[in-house]
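Trainee: A predicted structure for the sequence below; I have some questions about it.
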Amino acid sequence: MTLNDTLAKYSDWSFEAAFAVVVLAMLLLVVEYSTYRSNVVARRELVAAGGVGSDEATPGRVENATGRTLSERFGNMGRALVVVAAALMIASIVLRGLATERFPLGNMYEFVAMACTAAVVFSLVMLRKPAYRILWVYVLAPIAVLMFVAATVLYADAAPVVPALRSFWLPIHVTIISVGSGIFLLAGAASVLFLVRIRQPKGSEKGILGAVAARLPDAQVLDRLAYRTTIVGFPLFGIGIILGAIWAEAAWGRFWGWDPKETVSFITWVIYAAYLHARATSGWRNTRAAWINVVGFVAMLFNLFIINMVVSGLHSYAGLN
């Protein structure tokens, strides 16, 4: 086995380990999420009894000894494991690049791996506030699904890319698009949760959906998260499309040819532009704008999977057998 083969194997092992850590983190966070209401009640009772926040309490001592319930500790362990998963995902990408001696974005497996990594790293930044931490379950669930699909259906052996992708534009154009896609994952999840939360006002939660909504932050908190996240992903995705057009002119002699990939990417960008406009328009700021954001996320997934795997075009570089 050559050095490249060894590095490729280590890359695969790192990705598989990252998937296992993500699943374990999600399970720990589910425990915290399922008992979130009881944690809040227990905390209030502790404060009322003179525990956390009382004058007699030693700063930090009660918090560590009795202020945290077992489920809260599960949540903290889950979030710590997310950091471990992010490190393993980054290691997998770096090792893949060293094994192939190219930038590791030459097929759908590598693209999805990069997008999932971007989603995890960006979420670590955006969900660091206590009000957002309970949302990790809903972020990790789609990431785990995408990682499983990447490691099974989309997996491709480490190998050189097709001649059309041997360009310095590959690491620039595809990296920006994949990072933007990962950021949109968080925005889409936030908008879906916003739609769930706004239909279940606090104090009137009934049934399974109501029980789920009861543990979510306020609807406006979720709406702001979706908006702020989309503000970051939107210009990145737009820049990626523009750079792709420049690469197309260098490779095919034209900036735009309405190839299926180009067309759906542009439609997706327009949908997100419509969301940002609707979000700033009176009468569209709540559910209508959120639905547009969800449609944009669906369009992005359609562009990633259907266009790459079903529709034939100049961008058919899925790397699937």
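Mentor: Thanks, I have it. Residues are numbered from 1 along each chain as shown.

Trainee: other SSEs contacting the host helix or strand of V196?
Mentor: Take DSSP states H and E as the rule and V196 turns out to sit in helix 175-198. Under the contact criterion of 3 or more C-beta pairs under 8 Å, 6 or more residues apart in numbering; DSSP states H and E, helix 175-198 touches helix 108-126, helix 136-152, helix 207-214, helix 219-252, helix 287-309. C-beta: built from backbone N, CA, C; applies to glycine.

Trainee: so how far is it from its chain's centroid?
Mentor: Helix 175-198 has its C-alpha centroid displaced from the chain centroid by 7 Å (C-alpha atoms, centre = their mean, to the nearest Å).

Trainee: okay, angle between it and helix 219-252 too, please.
Mentor: Interaxial angle of helix 175-198 relative to helix 219-252 (axes from the mean of the first three to the mean of the last three C-alpha atoms, to 10 degrees): 160 degrees.

Trainee: E249: neighbour count?
Mentor: 12 (other C-beta atoms under 10 Å).

Trainee: most packed of the helices and strands packed on helix 175-198?
Mentor: Among those, helix 108-126 has the highest mean neighbour count (mean count of other C-beta atoms under 10 Å), at a mean of 23.

Trainee: which elements pack onto that one?
Mentor: helix 70-100, helix 136-152, helix 175-198, helix 219-252, helix 287-309.

Trainee: check which residues of the first one are buried.
Mentor: Of all the residues in helix 70-100, those buried under the rule 16 or more other C-beta atoms under 10 Å are 71-72, 74-75, 77-79, 81-82, 85-86, 88-93, 95-100.

Trainee: and that helix with helix 108-126, angle?
Mentor: 140 degrees.

Trainee: just the longest one next, same as before
Mentor: An angle of 140 degrees separates the directions of helix 219-252 and helix 108-126 when computed by the same axes, to 10 degrees.

Trainee: tell me the buried residues in the next helix-or-strand element following helix 219-252?
Mentor: Of the helices and strands lying after helix 219-252 in sequence (DSSP H and E), the nearest is helix 260-279. For helix 260-279, burial by neighbour count (16+ other C-beta under 10 Å) applies to 260-262, 264-266, 268-269, 271-276, 278-279.

Trainee: what's the farthest-apart pair in those?
Mentor: P260 and R279 (28.7 Å; C-beta to C-beta).

Trainee: that older thread, TSV for the helices and strands packed on helix 175-198, including distance to S34?
Mentor: Shown next, in TSV, are the helices and strands packed on helix 175-198 (distance: least, C-beta to C-beta, whole Å):
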stretch	distance to S34
helix 108-126	20
helix 136-152	9
helix 207-214	9
helix 219-252	19
helix 287-309	25
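
Trainee: out of those, which comes closest to I198?
Mentor: helix 219-252 (4.2 Å).
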